[in-house]
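[1] just the structure for this:
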Amino acid sequence: MPVRNKALLKSAPKKIVIHNFKKPPQLPDDFYELTAKNLLQGTLSVLQQQQQTNHFISLQNSYQDVVHLVSHQYGPRLYSDLRETMEKACEVVLNGNISTDVAATTFGSLLSYVSTQYQRYCEYLLLVKHVFAPLDRTHYWSLQTSQAVKGSSSLQSCLSVWQVGLNEFGKRLKVLELDETLYREWLGAFLNDWDLKDSLDASAGPDNRSNLQAIWYVWQDLGFLSSLPLQQDLQQYWTKQCVSWQQERPYRAAAFVDFCYQRHVHVTVWPWLPATWLWSILEHNLVQPHLNNEYLLQPTNLFPMLQLELSQQGGNMRDKNTPPIVQLWMMASRLPQGQALVGTAIAQFGKAEGLQIVQSYTKAIAVAQTTQQQLTNIAPSVNATQIVTDLLQLQESMRTLIGRLPQGKDWIHLKSAWEEVCNHDPGLAEQLAKFLDNILRNTKKLDQYQTSDDWLQKIISGIFIPIQSKDIFEAFYRKDLAKRLLWNRVVSMDVEKQVCSLLKAECGAGYTAKLEGMFLDVDFSRETMSVYKQSQANSAASGPVEMDVQVLTTGYWPVYPVYPNLILPESLREPQERFVNHYTTKYQGRRITWQFSLGHCVVRANGFGNKTYDLVVSLCQALVLTQFVSNDTKLGIRKLMELLGLDDRDEMERLLLSLACGKEGTRILRKIDYEQDKKKRSRTTIDDRDEFKINTSFESNQRRIRINNIMMKETKEEREKTVDAISRDRLYLIDAVLVRIMKARKTILHTQLIPQVLEQLKIPAQPADVKKRIETLIERDYMERDAENRNRYNYLA
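    I've put the predicted structure just below:
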């Protein structure tokens, strides 16, 4: 068992007891004066010598001295002395002896002088903030009492060391009255830069903008921005510019738009400024007073900009700058209802351009009608389809223009404009039908248009849909379609049916019932002829002439002239009888009427030297040619009418003119005037005493020659008949609408009936037309006037 050492136990450590000083330690009497003087003078000397802080004072020692002063309750006194030192520092950086001229000479401008001195002062303040950080954390300067207090900076009117220093710098600016002078110089330089004045001068370059930015930050730091009259001065300046542009004569709309747009874009060169605020000032004081019908939106000012934009589309004339109309649209989009105003003006431009196209065409037609020599009673040879081409081109240009404008489709509505344009001339429906006919029967034109996938949709939506006279279009289109189908002028059956489907989708099945029936007849005729030829091939009956028959339903096709007394040769009469027997046997109860005016033949002509020609002519033309059995045969018009059994002299005259007076290479016959004079040109009319004979000198490089009959061109009488038929159909439509309304209402006032009829009618009609149909219905006892009120109508069941 171990033995304990009692000596070691007695030498264990004892407790330490600390007693208070009998007298507390005291600082020297001049400790504050010496310490504060070294601190304040040391920081100020750095500013005076313009050197870095660590070259003159020790940041660590200075920081420790501030800690000692604050811990010994010298904080308020030190804060007050520090503020006075800051005031002296402001006097150092902003010397009262320096004038504006001296600043401009030494630093280039007052802006550069103030920004440079402020930068020096901020470096001094940064040093003060680091050195006096213990004071800044425990004490704050009260603006109300002008004394340093302990507490939180969240208290009102309490400033930190940095804020006190900025406050002293602001006071110094006001004492030297540099604040107002500085603002005026800054405003002048800013406006010169914004207004793009003196762009070659250095004051408008990056250096000037750096000074502007520096002074802006000075005002921001000092809290001067809210007190500056900057907004009022900018508004006044741009209002003055606005009035100056308004007073210019002539008013330069495009130049003004570019002027505003360049200033609008120039705002982006100042990223340190609130761009939205500057744009708002520019837009409301410069742009908005011009955005009305008196200045920018006046047709004489706006339309030239739009015409310039349309003329540059699709070419190489477009420059890299933004077009004036796009500039105007982008600026108007920032104004309330600005896009609506410009969009309405653009729609008016589209309507004005469209009406100009229609009116120029109408004038051309009127001039052609007055100056045309009435020789063959053919309608004026003005390029009727050009109006449709011009309107489609205008619509495409407007679509391109609207596509370039952001959100243009939402604000520019051209539907009502196109409706007014397309219905200004009632003949546009007819010209649209002719336009489609020219495309659908011409391979080159169809290939040209098929380069675009939606070319048909553009025609239907652009011209057809706005037209109210859709019944006129249907009548003329059906006649042209019949010619293409019957005379083998169809280039693409798929395109023909596509047009029909688009019309059906827009106007309903009833509108295209006859067109679809015509296609069915063509298919039925093809099947019928296939069966007929098979039956003829199995039988022994056959002839030298091959005949192809097309079976047409009477209600679907236009009405054509019938020549019941036409005398056919035996070679044509025999196949005709064979087909009649075949058809009546298979389809009993059906009646066949032959339309000889639609027949075509291929006639092989010999006797022109060693050449043989195949002449593609109409049936009547072929009958005329077969009457000339020899080169010496001479026949007059009356004799030919007797031989053919044709009673219509006008038709016979057109036949002879097509064979004797057509274009070069088709004159198979020669016309001999009864009063022939070598000095006079041959007449283009036919007298009963004129004679015709075979043109033995006929020669052509083509073996197969197509001789078009003049009947293929629509005569004035035919057009008038078509229009009259449409007018009669419209009367029946008005009657049907009137009866439908009266049957539903039983009794109605005149003032209520007329608007309802016009609303339900899908054709152009006037109140006078409705009144006339009301009278006819009263006469036919469909309705009557009320005995007590003559303005009320009653329905008679």
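[2] mind listing the strands for the protein?
    139-142, 147-150, 158-159, 600-608, 611-618, 635-636, 669-672, 691-694, 704-706, 747-749, 783-785, 792-795 (DSSP state E).
[3] hey, which of those is tucked in deepest?
    strand 139-142 (a mean of 22; mean count of other Cβ atoms under 10 Å). From N, CA and C alone the C-beta is placed, and that goes for glycine too.
[4] sheet partners, orientation included, of it?
    strand 147-150 (antiparallel), strand 158-159 (antiparallel) (DSSP bridges).
[5] can I get these in a markdown table including mean pLDDT?
    What follows is those, written out as a markdown table (pLDDT from 0 to 100):
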| stretch | mean pLDDT |
| --- | --- |
| strand 147-150 | 84 |
| strand 158-159 | 86 |
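[6] re earlier: mind giving me JSON lines with the strands of the chain and columns for distance to Tyr295?
    Output for the strands of the chain, formatted as JSON lines (distance: least, Cβ to Cβ, whole Å):
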{"stretch": "strand 139-142", "distance to Tyr295": "56"}
{"stretch": "strand 147-150", "distance to Tyr295": "61"}
{"stretch": "strand 158-159", "distance to Tyr295": "52"}
{"stretch": "strand 600-608", "distance to Tyr295": "65"}
{"stretch": "strand 611-618", "distance to Tyr295": "65"}
{"stretch": "strand 635-636", "distance to Tyr295": "75"}
{"stretch": "strand 669-672", "distance to Tyr295": "68"}
{"stretch": "strand 691-694", "distance to Tyr295": "72"}
{"stretch": "strand 704-706", "distance to Tyr295": "62"}
{"stretch": "strand 747-749", "distance to Tyr295": "48"}
{"stretch": "strand 783-785", "distance to Tyr295": "56"}
{"stretch": "strand 792-795", "distance to Tyr295": "53"}
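[7] scan this structure for its longest helix.
    helix 338-371 (DSSP state H).
[8] distance from the chain centre to that helix, please.
    17 Å (Cα atoms, centre = their mean, to the nearest Å).
[9] again with stretch 260-268
    That offset, for stretch 260-268, works out to 25 Å (Cα atoms, centre = their mean).
[10] same check, this time on stretch 726-738
    38 Å.
[11] for Val629, the count of nearby residues, please.
    Look at Val629: counted by other Cβ atoms under 10 Å, it has 8 neighbours.
[12] what do you get for Trp455?
    16.
[13] with adjacent residues omitted, what lies nearest to it?
    In space, not counting the residues next to it along the chain, Trp455 is nearest to Tyr449; the distance is 4.6 Å by Cβ to Cβ, 6 or more residues apart in numbering.
[14] verify the stated contact: the one you found with Ile439.
    Yes - using Cβ atoms under 8 Å, Tyr449 is in contact with Ile439, at 5.9 Å.
[15] have a look at the two and say which one is more surrounded.
    The neighbour comparison of Tyr449 against Ile439 (other Cβ under 10 Å) goes to Ile439, with 21 against 16.
[16] circling back: tell me which of the strands paired with strand 139-142 sits nearest to Trp219.
    strand 158-159 (17.8 Å; Cβ to Cβ).
[17] please enumerate the helices of the stretch 1-150 of the chain.
    For the stretch 1-150 of the chain, the helices defined by DSSP state H, counting those that start in this stretch occupy 6-10, 31-49, 59-71, 75-93, 100-107, 110-131, 133-138.
[18] now those in TSV, with mean neighbour count?
    Listed next are the helices of the stretch 1-150 of the chain as TSV, based on neighbours: other Cβ atoms under 10 Å:
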stretch	mean neighbour count
helix 6-10	7
helix 31-49	17
helix 59-71	16
helix 75-93	19
helix 100-107	14
helix 110-131	20
helix 133-138	18
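[19] closest one to Val218 among these?
    helix 110-131 (5.2 Å).
[20] got the angle between that closest one and helix 59-71?
    Here helix 110-131 points in a direction 70 degrees away from that of helix 59-71 (axes from the mean of the first three to the mean of the last three Cα atoms, to 10 degrees).
[21] related to what we said a few turns ago, out of the strands of the chain, which is closest to Trp219?
    strand 158-159 (17.8 Å).
[22] centre of the chain to the closest one, how far?
    Distance, centroid of strand 158-159 to centroid of chain: 60 Å (Cα atoms, centre = their mean).
[23] stretch 727-739 now?
    Between the centre of stretch 727-739 and the centre of its chain there are 39 Å (Cα atoms, centre = their mean).
[24] for Lys504, which non-adjacent residue is spatially closest?
    Using Cβ to Cβ, 6+ apart, the closest residue to Lys504 is Thr512 (4.4 Å).
[25] quick one, phi psi at the one you found?
    phi -110, psi 20 (degrees, to the nearest 10).
[26] show me where the stretch 251-400 of the chain has its helices.
    253-266, 275-282, 299-311, 324-332, 338-371, 386-404.
[27] could you export those helices as CSV, including mean neighbour count?
    Below are the helices of the stretch 251-400 of the chain laid out as CSV (neighbours: other Cβ under 10 Å):
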stretch, mean neighbour count
helix 253-266, 18
helix 275-282, 16
helix 299-311, 17
helix 324-332, 23
helix 338-371, 17
helix 386-404, 18
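[28] quick check: which of those helices is nearest to Gly636?
    Per Cβ to Cβ, nearest to Gly636 of these: helix 338-371, 32.9 Å.
[29] what's the angle between the closest one and helix 299-311?
    For helix 338-371 against helix 299-311, the angle by the same axes, to 10 degrees is 80 degrees.
[30] count the neighbours of the residue nearest to Lys504 for me.
    Thr512: 23 surrounding residues under other Cβ under 10 Å.
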